[in-house]
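[1] could you work out the structure for the sequence below:
(4 chains)
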2 protein chains.
Amino acid sequence: MQRAFDDEIQILEAHLKLQGLNRSSRRDLVVFTFLSSNKHLSVDDLYALVRRKSPAIGRTTVYRTLKLLENAGLAQALALKGETRFEHVLNRRHHDHFICNGCGAIFEFSSDEIEALQEEEARRIGFRIDGHKHQIFGQCGKCLGSGGGAR
Amino acid sequence: MQRAFDDEIQILEAHLKLQGLNRSSRRDLVVFTFLSSNKHLSVDDLYALVRRKSPAIGRTTVYRTLKLLENAGLAQALALKGETRFEHVLNRRHHDHFICNGCGAIFEFSSDEIEALQEEEARRIGFRIDGHKHQIFGQCGKCLGSGGGAR
DNA sequence: CTTCATGCAAATACTTTGCAAGGGC
DNA sequence: GCCCTTGCAAAGTATTTGCATGAAG
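    Below is the predicted model:
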């Protein structure tokens, strides 16, 4: 089931080695579960998924593994209101998020033009961009259609 | 000292009336202190500022007033990592933030072109934009100059 | 005098950390 | 055997809520 996450695993192993850490079956389970999902998972989302496969795992391990992935550059935390969600970051260009206030759905998009404009602006103020988080809130088509538009 | 915040107060009063709430000296103090600052304040920042003028105020009141301002559409919360900061929102167009990972400084900018591109993208997926938060992380010129660039 | 405002303390959430036990090399 | 990994419980933070008191209309 765990498709080709070779690139991710390679990066993870390099990071682990660098830190004098190891892989483990539980660590792997959390990692693969995370990588297998294409959603933006909260800690508890991931915890629940992982628990289905291995109920003995503790929430702490999920927290720790997610932090590990973050440090390895494989996951990025999105600080939403009230909760933190994580998304993959490997081989993905900077991208932005549309977040529906109605149903919570998250749509991604990326625009070279926006990226370029950001860079231009950054250059103007002498800022070096390392990353960005761009969240656009509103109502998705589905919610607009089902009365959300009258909100 | 509290310059012309007429617009803000008008909106606030409308919101209060709508909710059956009132102004009060403490509420006002928090509100004016918030409005007088041009920074992106955390709850504790504002709490500290307010305390200087009136040490008897409780942290709870600051939380509550900030939430009030948020609901009235006068303040917007930025969910930074580990802390929430608030900024003014009245009469301000959507704008973006450069956040320095080195010194924590926040620079604002706004770009009509980026706004337009967002709208275009939103239209494409049938999304109605209500607001957005755009945070660009990196190193500011000052931090780059003082060795931060070698990070 | 009824309702709102407020501080304090308690209650929640979310996340991290200490520690003892288990596992991998 | 040594060090890393992990679960549990405890400790931290950040924020909200319950409640009794005080203020406002």
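
[2] where does the spatially most central residue of chain A sit: helix, strand or coil?
    Geometric centre of chain A, nearest residue: A:E87, 0.9 Å, by Cα atoms, centre = their mean. Three-state assignment for A:E87 (DSSP: H, G, I helix; E, B strand; the rest coil): strand.

[3] what score does it have for pLDDT?
    pLDDT recorded at A:E87 is 92.

[4] could you measure from it over to B:Y63?
    30 Å (Cβ to Cβ, to the nearest Å). Every residue, glycine included, has its C-beta placed from N, CA and C.

[5] chain center to stretch A:27-41: distance?
    Distance, stretch centre to chain centre, for stretch A:27-41: 10 Å (Cα atoms, centre = their mean, to the nearest Å).

[6] what pairs with the longest strand along chain A, parallel or antiparallel?
    Longest among the strand segments of chain A by residue count, using DSSP state E, is strand A:128-139. Sheet pairing of strand A:128-139 (DSSP bridges) gives strand A:96-100 (parallel), strand B:128-139 (antiparallel).

[7] what packs against the following helix or strand past the shortest one?
    Per DSSP states H and E, strand A:96-100 leads on to strand A:106-109 as the next helix or strand towards the C-terminus. Of the remaining helices and strands, those touching strand A:106-109 by 3 or more Cβ pairs under 8 Å, 6 or more residues apart in numbering or on different chains; DSSP states H and E are strand A:96-100, helix B:112-125.

[8] same thing but at 7 Å, please
    strand A:96-100 (3 or more Cβ pairs under 7 Å, 6 or more residues apart in numbering or on different chains; DSSP states H and E).

[9] excluding residues flanking it in the chain, which one is nearest the closest residue to DNA strand C within chain A?
    Nearest to DNA strand C in chain A, going by Cβ to the nearest atom of the strand, is A:T84, at a distance of 3.6 Å. Distances taken as Cβ to Cβ, 6 or more residues apart in numbering or on different chains put A:A77 closest to A:T84, at 5.2 Å, once the chain neighbours are dropped.

[10] quick one: the strand or helix carrying the one you found to strand A:96-100, angle?
    A:A77 belongs to strand A:75-79 when assigned by DSSP H and E. Orientation of strand A:75-79 against strand A:96-100 (axes from the mean of the first three to the mean of the last three Cα atoms, to 10 degrees) gives an angle of 50 degrees.

[11] quick one: strand A:75-79 to chain centroid distance?
    Using Cα atoms, centre = their mean, the offset of strand A:75-79 from its chain centre is 5 Å.

[12] elements contacting the helix or strand containing A:V50?
    Assessed by DSSP H and E, A:V50 sits inside helix A:43-53. Packing partners of helix A:43-53 (3+ Cβ pairs under 7 Å, 6+ apart): helix A:25-36, helix A:59-71.
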